[in-house]
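> mind looking at a prediction? Sequence and model below.
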Amino acid sequence: MAGPDVYTTSNWAMCRSPITVTVPAIGTTLTDGSGSHEVAADGGGIELIDTVIYQGLLPGAEHRLVGTLVDRADGSELAVEELSFVPDEAAGTGEVAFDVGSALVAGRSVVAFAELSC
């Protein structure tokens, strides 16, 4: 997929063709380190992975994903992690990893939210 054209004020006046604006979009899937959607509480640490699928990003520019792990029942934030990356293409995936104690998520239904910025 080709990336969007970038216009600055210095070359804007030279533009004679329509400009297409691409709005970035993301979607997420939360799993444990083995790819499962179920986590067993064994008293140790676990890794939850929020796989973020993105499209419409500007290749070569730095972007940041901020992931927030939330208790689905009461909306409380359990953990926040960040990932900075420079995509080679406008579409792809990134992984935000949450290293948490299993006691933090035991007996809870958790969801992850991701926010994209550049």
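The structure has been received and is ready for your questions.

> in this structure, which spans are strands?
Assigned by DSSP state E, the strands in the chain fall at 25-32, 45-55, 63-71, 77-85, 92-101, 110-117.

> which residues are contacting the fifth one?
Taking contacts as Cβ atoms under 8 Å, 6 or more residues apart in numbering, the residues outside strand 92-101 that touch it are 44-54, 57, 65-67, 69, 78-79, 81-83, 85, 112, 114. Where C-beta positions appear, they are placed from N, C-alpha and C, glycine not excepted.

> angle of it against strand 25-32?
Relative orientation of strand 92-101 versus strand 25-32 (axes from the mean of the first three to the mean of the last three Cα atoms, to 10 degrees): 40 degrees.

> check the fourth one too.
Inter-element angle recorded for strand 77-85 and strand 25-32: 120 degrees (by the same axes, to 10 degrees).

> show residues contacting strand 77-85.
62-71, 94-98, 100, 104-105, 108, 110.

> give me the distance between the residue lying closest to residue 27 once chain neighbours are set aside and residue 65.
The spatially closest residue to residue 27, leaving aside those adjacent along the chain, is residue 53, at 4.9 Å (Cβ to Cβ, 6 or more residues apart in numbering). As defined by Cβ to Cβ, to the nearest Å, residue 53 lies at a distance of 11 Å from residue 65.

> re earlier: want to throw the strands of the chain into TSV with mean pLDDT?
TSV is the format used below for the strands of the chain (pLDDT from 0 to 100):
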stretch	mean pLDDT
strand 25-32	91
strand 45-55	92
strand 63-71	96
strand 77-85	96
strand 92-101	94
strand 110-117	94
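
> with mean neighbour count added, can I get those strands in JSON lines?
JSON lines is the format used below for these (neighbours: other Cβ atoms under 10 Å):
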{"stretch": "strand 25-32", "mean neighbour count": "15"}
{"stretch": "strand 45-55", "mean neighbour count": "18"}
{"stretch": "strand 63-71", "mean neighbour count": "18"}
{"stretch": "strand 77-85", "mean neighbour count": "14"}
{"stretch": "strand 92-101", "mean neighbour count": "16"}
{"stretch": "strand 110-117", "mean neighbour count": "16"}
